[in-house]
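J.: what follows is a predicted protein model with its sequence.
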Amino acid sequence: MPSGLNPNLSRFIKKQVLQPLDYYVDGILGGDRSILGQSITLIESTQSAHQELAQQIINACLTHSGQSRRVGITGSPGVGKSTFIETAGLHYIEQGKRVAVLAIDPSSQLNQGSILGDKTRMEQLSRAENAFIRPSPAGMTLGGVAQKTRESIMLCEAAGFDLILVETVGVGQSEIAVHSMVDCFLLLLLPGAGDELQGIKRGIVEMADLVLINKVDVQNEKVAKRTRDDYKRALHLFPQKESEWTTRIHTGAALQPESLVDLWATLDDYFAHITTNDYLHQQRQAQSSYWLTESIQQALQDWFYEDESIKQSLKSLQQQVIEQQLSPFEAARRLLERKLR
């Protein structure tokens with residue numbers, strides 16, 4: 001059982017009395033945030049009974065999902081993701097939308113990540129009736145967190161949330177995982193980040209559909225414009241996106257909502273564009289196919305490594321590989337043969 005954000009979570013889940021399937025499905029479709037949270041807790045549980053019920057809930061809600069806008073948000077620590085997400089959430093709630101915020105943070109157990117702090121800082125949004133904020137559980141692998149997040153997206157959509165904001169708190173592969181489950185990928189930068197352009201992974205910049213240079217004020221406005229120009233030049237070096245959308249770069253400050261008016265308009269333009277050219281439909285089909293493959297690989301990996309005989313043999317073979325008595329490929333072949341026997 002993953003430790004989760006609350007050290008008592010695993011004990012709570014064990015004590016949780018499972019309700020009939022209709023209780024969860026009816027609650028989710030009725031927009032009950034408490035039952036939605038209970039259902040996501042079942043998704044995150046590793047107990048077989050919980051997993052079986054969770055999959056039944058997902059299957060029952062599947063036809064009611066797919067109607068939201070899914071937006072991924074990434075950026076380095078300190079760039080202002082939490083403030084931006086709260087501002088975005090409140091903006092869309094004012095427009096009559098319901099907003100769900102999900103986070104991917106597979107590293108939080110190691111670096112004591114600040115997801116709980118982020119949720120605390122989103123004080124207004126967390127109190128809003130039409131908002132739902134769900135941190136990811138600590139102590140899970142990236143693949144596990146990502147899979148649970150994708151399933152949580154489906155339930156949030158079935159619960160009637162119009163906008164799903166998926167925040168990546170970790171670094172590296174977490175951006176790729178988020179990109180594989182959202183429609184739009186938004187990268188937040190700080191003024192002056194253009195000076196470190198070579199230090200930012202090309203893949204993350206290339207994935208971005210929108211870029212916001214955040215925390216811009218009178219003192220750093222010139223620096224922000226220079227950063228924007230640096231990124232515009234860099235983006236010209238990348239091949240055209242499959243969506244045929246040209247990445248747009250905005251400057252603004254999440255603490256000053258009036259500075260983000262153009263960004264909201266661009267977000268509308270983006271979704272109009274990918275809807276008109278059918279890229280939204282094609283991308284979601286490709287993502288579903290990708291997650292099918294990922295799920296198979298994860299299930300096979302779990303099936304392989306949970307075998308006690310494999311665990312015992314692995315230690316011995318690892319030592320032989322380290323001492324160059326055996327090639328990694330031969331060791332792998334022996335393990336697979338043992339498992340298949």
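T.: Yep, that arrived. Here the structure is a predicted model, which means the values were calculated and not measured.
J.: low-confidence ranges in the protein?
T.: For the chain, the stretches flagged by pLDDT under 70 are 1-16, 105-120, 137-144, 170-173, 193-202.
J.: how many neighbours does residue 90 have?
T.: 18 (other C-beta atoms under 10 Å). For glycine as for every other residue, the C-beta is placed from the backbone atoms N, C-alpha and C.
J.: what's the spacing between it and residue 123?
T.: 11 Å (C-beta to C-beta, to the nearest Å).
J.: kindly report the same for residue 260.
T.: Distance from residue 260 to residue 123, by C-beta to C-beta: 19 Å.
J.: all helices of the stretch 51-200 of the chain, in order?
T.: Here the stretch 51-200 of the chain has its helices, by DSSP state H, counting those that start in this stretch, at 81-94, 108-111, 115-121, 123-127, 142-158, 173-179.
J.: tell me the contacts of residue 224?
T.: 191, 213, 216, 251 (C-beta atoms under 8 Å, 6 or more residues apart in numbering).
J.: give the burial count for the first one, as a bare number.
T.: Think residue 191. Residue 191: 22 neighbours (other C-beta under 10 Å).
J.: I'd say it and residue 223 touch.
T.: Yes. Counting by C-beta atoms under 8 Å, residue 223 is a contact partner of residue 191 at 4.4 Å.
J.: neighbours around residue 320, how many?
T.: 15.
J.: repeat that for residue 303.
T.: Other residues close to residue 303 by other C-beta under 10 Å number 11.
J.: which of the helices or strands spans it?
T.: Element membership for residue 303 (DSSP states H and E) is helix 279-305.
J.: now do that helix: which elements does it pack against?
T.: Helix 279-305 sits against helix 142-158, helix 261-276, with contacts defined as 3 or more C-beta pairs under 8 Å, 6 or more residues apart in numbering; DSSP states H and E.
J.: helices or strands up against the shortest one?
T.: Yep, that's helix 261-276 we're talking about. By 3+ C-beta pairs under 8 Å, 6+ apart, helix 261-276 packs against strand 184-189, strand 210-213, strand 248-251, helix 279-305.
J.: one more: the first one?
T.: Applying 3+ C-beta pairs under 8 Å, 6+ apart, one finds that helix 142-158 contacts helix 21-29, helix 33-44, helix 48-61, strand 99-104, strand 163-168, helix 173-179, helix 279-305.
J.: list the buried residues for the strand or helix carrying residue 336?
T.: Here residue 336 sits within helix 328-340, counting by DSSP H and E. By neighbour count with 16 or more other C-beta atoms under 10 Å, helix 328-340 contains the buried residues 331, 335.
J.: try stretch 245-254
T.: In stretch 245-254, counting by 16+ other C-beta under 10 Å, buried: 245, 247-254.
J.: between all of the residues you listed, which two are separated the most?
T.: 245 and 253 (24.8 Å; C-beta to C-beta).
J.: what residues sit buried inside stretch 316-323?
T.: Result for stretch 316-323 [16+ other C-beta under 10 Å]: buried residues 317, 321.
J.: I misspoke; the intended subject was stretch 216-232.
T.: For stretch 216-232, by 16+ other C-beta under 10 Å, it's 216, 220, 223-224, 226-228, 230-231.
J.: same question, stretch 125-134
T.: Quick answer for stretch 125-134 (16+ other C-beta under 10 Å): 125, 128, 130-134.
J.: outside of it itself, list whatever touches it.
T.: Taking C-beta under 8 Å, 6+ apart as the rule, stretch 125-134 contacts 33, 36-37, 40, 85-86, 89-90, 93, 97-103, 119-120, 122, 152, 156, 159, 161.
J.: now with 6 Å, please.
T.: 33, 86, 89-90, 93, 98-102, 119 (C-beta atoms under 6 Å, 6 or more residues apart in numbering).
J.: try stretch 30-41
T.: Taking C-beta under 6 Å, 6+ apart as the rule, stretch 30-41 contacts 24, 27-28, 57, 132, 152, 155, 159-160.
J.: tell me which residues are up against stretch 53-67.
T.: By C-beta under 6 Å, 6+ apart, stretch 53-67 touches 21, 24-25, 28, 39, 42-43, 151, 154-155, 157-158.
J.: and the two most separated of those?
T.: Checking the contacts of stretch 53-67 with C-beta to C-beta, the most distant pair is 21 and 157, at 18.6 Å.
J.: who's more crowded, the two?
T.: Legend: neighbour count by other C-beta under 10 Å for residue 21 and residue 157, higher for residue 157 (22 against 13).
J.: I figured the more buried one hits residue 98, correct?
T.: No. Residue 157 is not in contact with residue 98 according to C-beta atoms under 6 Å; the separation is 10.2 Å.
J.: in terms of helices and strands, where is residue 246?
T.: Residue 246 belongs to no helix or strand, assigned by DSSP H and E.
J.: if we can go back for a sec, residue 260 and residue 123 - which one has more neighbours?
T.: residue 260 (22 against 9).
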